[in-house]
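K.L.:
Need coordinates for the following:
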Amino acid sequence: MGIKSKAAAAILVLLVFLGSLWLPEGGLDYHWDACLKGYNQVNKLHQLSNTSAAVEDEAPPVLKTCPGQSFQVSLLLSHLLASPAYASDVLLQPYLSSWDELVKFMDALGPMVGLISKEIESKTSIIRQLALLPENDPEAEVGPGMNSGKNEASRDTGAYHSVRSMIRVELERGVVNFHHQTDSGCRTLLRLHRALLWLKLFLEKLAEAPAAGRFRSPSELCREAYQSTLAQHHTWFVRRAAELAFIAMPERALFYRLVCVQGQDGLSAVLSRVARAIGEVYDRTQAALEEHAMLDLP
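P.N.:
Below is the predicted model:
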């Protein structure tokens, strides 16, 4: 067994042991289409142009289905563009559906990164499970917003219809604890929110033109994105395990195949669109969490 093989085996054992430390554990995946009526899970936009909210001089090219693989960048972009609602809210069902595609993206990067995606799946499952609880009575959720003018989600039914409706209802119920760990939807969302920034920065770096005529490796770019985001919230032990996992990151050619392009120009165009859509969702979620002092929930 070579050095690289031994290192990979050691990394795998270490990551399995530390998996629960990356993001706290959750339950099994749950389906909640009936709970959220504002979004169609069988997304018609999968084959459409997925235009962004910003006005552009020319319509972007259509993102088509990539045959023979689970991850579909066109579906990811459709979910992301369906997430923003009103002036400053985010619908939770398309948000979580976006994560479903991002998990497939991470799974395609190999078993090391796939271990991280399992922890993210546990977080999306927590929010989906909360949306199915019997006390999530739509009639009980209608009421005045906590921030008049900003809590536009109060116009819709369901505590877990959107980010702002979830924040409002969990604060009203006293579910959120600012001093101790809980499985509240708000705390769970914060963990997903931090991971979303990591992936956004990673995709942006992959989309960049080569420096001095040389492309930096995806492994280096992913590590750099991690160090400036998630690493700030992890223990030393978890940071070491994560950086070891990035060693097994595949080469750039795999990313070309994942988004069905022939080279870097195509990759840059597609990933730039995805990163912009993630940025809109991230900024809205950041603002909602910040307004309620939830950016440092334990």
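K.L.:
So what's the residue count around residue 282?
P.N.:
Around residue 282 there are 18 other residues, counting by other Cβ atoms under 10 Å. Bear in mind the C-beta positions are built from the backbone N, C-alpha and C, glycine included.
K.L.:
pLDDT wise, what is it at?
P.N.:
With respect to pLDDT, residue 282 scores 97.
K.L.:
so what's it closest to, chain neighbours aside?
P.N.:
residue 196 (5.5 Å; Cβ to Cβ, 6 or more residues apart in numbering).
K.L.:
Which element, helix or strand, includes that neighbour?
P.N.:
helix 185-207 (DSSP states H and E).
K.L.:
So which elements touch the following helix or strand past that helix?
P.N.:
Going down the chain from helix 185-207, the next helix or strand is helix 218-227, by DSSP H and E. When contacts are defined as 3 or more Cβ pairs under 8 Å, 6 or more residues apart in numbering; DSSP states H and E, helix 218-227 packs onto helix 185-207, helix 236-246.
K.L.:
Now the last one: average pLDDT?
P.N.:
Per-residue pLDDT values over helix 236-246 give a mean of 82.
K.L.:
Distance from the chain centre to that helix, please.
P.N.:
20 Å (Cα atoms, centre = their mean, to the nearest Å).
K.L.:
repeat for the longest one
P.N.:
On the basis of Cα atoms, centre = their mean, the separation between the geometric centre of helix 185-207 and that of its chain is 5 Å.
K.L.:
related to what we said a few turns ago, can the helices and strands packed on helix 218-227 go into CSV with extra columns for distance to residue 104?
P.N.:
Formatted as CSV, these follow (distance: least, Cβ to Cβ, whole Å):
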stretch, distance to residue 104
helix 185-207, 13
helix 236-246, 18
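K.L.:
circling back to that earlier point, list the contacts for the residue nearest to residue 282?
P.N.:
102, 278, 281-282, 285 (Cβ atoms under 8 Å, 6 or more residues apart in numbering).
K.L.:
Relative to residue 187, which of the residues you listed is nearest.
P.N.:
residue 285 (13.4 Å; Cβ to Cβ).
K.L.:
Packing partners of the helix or strand hosting that closest one?
P.N.:
If you go by DSSP H and E, residue 285 is part of helix 264-291. In terms of contacts (3+ Cβ pairs under 8 Å, 6+ apart), helix 264-291 is packed against helix 73-82, strand 84-85, strand 89-90, helix 92-107, helix 163-173, helix 185-207, helix 252-258.
K.L.:
how about 7 Å then?
P.N.:
helix 73-82, strand 84-85, strand 89-90, helix 163-173, helix 185-207 (3 or more Cβ pairs under 7 Å, 6 or more residues apart in numbering; DSSP states H and E).
K.L.:
Please tabulate these in TSV, including the columns distance to residue 130.
P.N.:
Formatted as TSV, the helices and strands packed on helix 264-291 follow (distance: least, Cβ to Cβ, whole Å):
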stretch	distance to residue 130
helix 73-82	20
strand 84-85	19
strand 89-90	16
helix 163-173	8
helix 185-207	5
